[in-house]
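Q: here's a sequence, model it:
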Amino acid sequence: MRAGQKWSGLLAAVCLTAVVAGCAAPAAQPKPAPAGAAAPAEAPEAADRGAARAPAAPPVVPGLARQEEETSSGAVARQADAARAALETAQRWGLDRPPLKAPPRPATRTALTPVKGVKLKDGRPPVVFRVPTQDKVVFLTIDDGYEKDPEFSRMAAELGIPVSAFLSDYLVRDNYGYFRDLHKQGVEINNHTINHRNLKVLDYETQRQEICNQQDQLEQQIGVRPRLFRPPYGEYNDDTLRAAASCGVQAVPLWNEEAFPDHMEWRYDDRTLHPGDIILTHFRGVSDWKATMPDLLRKVVNDVTAAGFSLGRLDDYL
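A: Okay, here's the model as predicted:
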């Protein structure tokens, strides 16, 4: 056999082998599926790629949706029960509607600056007629301590009314226990001197005795050494502030309005409440007002609520 014929035969044999192995021709294209036929299953590699692109939905936990629904329904029911109880309590005490809830207690007390309603002097506690705040909140403060009405303390407790009391020893020394109980239920106890004298006409040392001796008395009787002090009649001078500072007083709140069981007296001509206003009233009863302390509290709460304000605790802000 000639060489050419030999190589020609060998080449033909190699080509035949390649065709049989599928390497000599392109892969056949799949025929389209007939109309209505199910789509062919996706190749495993393609399925893996799709899974990477779209994460699988979280597994369904049996009963979880129902548990969340029951929790939400329970919260709504509790809110409805609380609203109904607040309305019933308000009606029991003769209020027009439940008092508005005070905003949360500030994380820090207000930093006072010399604005309207605040008088500042170095080395002296600030004198405050109106607390600087944007909250629609006002403050009820009660002076002296003559009337000790258990119905008032019960009413304030049941309605959740925050109160700050400024006590004079000569009026409360016969029953400090009443004010200890008020303090236990959340009423803050503050200083209003020993004998309720007009401090402005007294010398420095006498003023200091009036203020500092009451600090000592309140600490002994109730267990608090007040931060706040109010001079009787709102009368004070620089000696008053120096004396107050010397025994730990940090602020001297006065007032914008004075409340009575049948009316409110206003310091300013607009005759309306403002955020941060301080309301003054007194522990008095039928012998002075021909009305009771609950009558007074009812009047204050109705007026404050009707004006869109809540009552806060003065000591939380000053």
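Q: show me the contacts for the closest residue to residue 115 other than its chain neighbours.
A: Nearest residue to residue 115 in three dimensions, chain neighbours excluded: residue 132, at 5.9 Å (CB to CB, 6 or more residues apart in numbering). Just so you know, the C-beta spots here come from the backbone N, C-alpha and C atoms, and that holds for glycine as well. Counting by CB atoms under 8 Å, 6 or more residues apart in numbering, residue 132 makes contact with 110, 112-113, 115, 117-118, 276.
Q: so which of the residues you listed is the most crowded?
A: Sorting the contacts of residue 132 by how many neighbours each has (other CB atoms under 10 Å) puts residue 276 first, at 24 neighbours.
Q: tell me the spacing between that one and residue 137.
A: Going from residue 276 to residue 137 by CB to CB, to the nearest Å gives 7 Å.
Q: could I get the full set of strands for the stretch 101-250 of the chain?
A: 118-119, 127-128, 137-144, 164-167, 188-191 (DSSP state E, counting those that start in this stretch).
Q: those strands: which one's closest to residue 99?
A: Counting by CB to CB, residue 99 lies closest to strand 137-144 out of those; the figure is 10.7 Å.
Q: now the two most distant members of the contacts of residue 132.
A: Using CB to CB, the two most remote members of those are 113 and 276, lying 13.1 Å apart.
Q: could the strands of the stretch 101-250 of the chain go into CSV alongside mean pLDDT?
A: What follows is the strands of the stretch 101-250 of the chain, written out as CSV (pLDDT from 0 to 100):
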stretch, mean pLDDT
strand 118-119, 94
strand 127-128, 96
strand 137-144, 97
strand 164-167, 98
strand 188-191, 97
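Q: so which of the ones you listed gets nearest residue 288?
A: With respect to residue 288, and counting by CB to CB, the nearest of the strands of the stretch 101-250 of the chain is strand 137-144 at 10.4 Å.
Q: other SSEs contacting that closest one?
A: strand 164-167, strand 278-282, strand 310-312, helix 314-317 (3 or more CB pairs under 8 Å, 6 or more residues apart in numbering; DSSP states H and E).
Q: so residue 89 touches residue 156, yeah?
A: No: using CB atoms under 8 Å, residue 89 is not in contact with residue 156, being 11.7 Å away.
Q: on that earlier part again, what does the model give the residue nearest to residue 115 for pLDDT?
A: Per-residue confidence (pLDDT) for residue 132: 92.
Q: picking that back up, looking only at neighbour counts, state which of residue 89 and residue 156 leads.
A: Higher neighbour count among residue 89 and residue 156: residue 156, with 24 against 16, using other CB under 10 Å.
Q: need the pLDDT of the more buried one.
A: Looking at residue 156, its pLDDT stands at 96.
Q: and the residue nearest the centre of the chain, how close does it get to residue 116?
A: With distances taken as CA atoms, centre = their mean, residue 104 lies nearest the centre of the chain, 1.0 Å away. Going from residue 104 to residue 116 by CB to CB gives 26 Å.
Q: ok, now residue 274?
A: Between residue 274 and residue 116 the computed distance is 10 Å (CB to CB).
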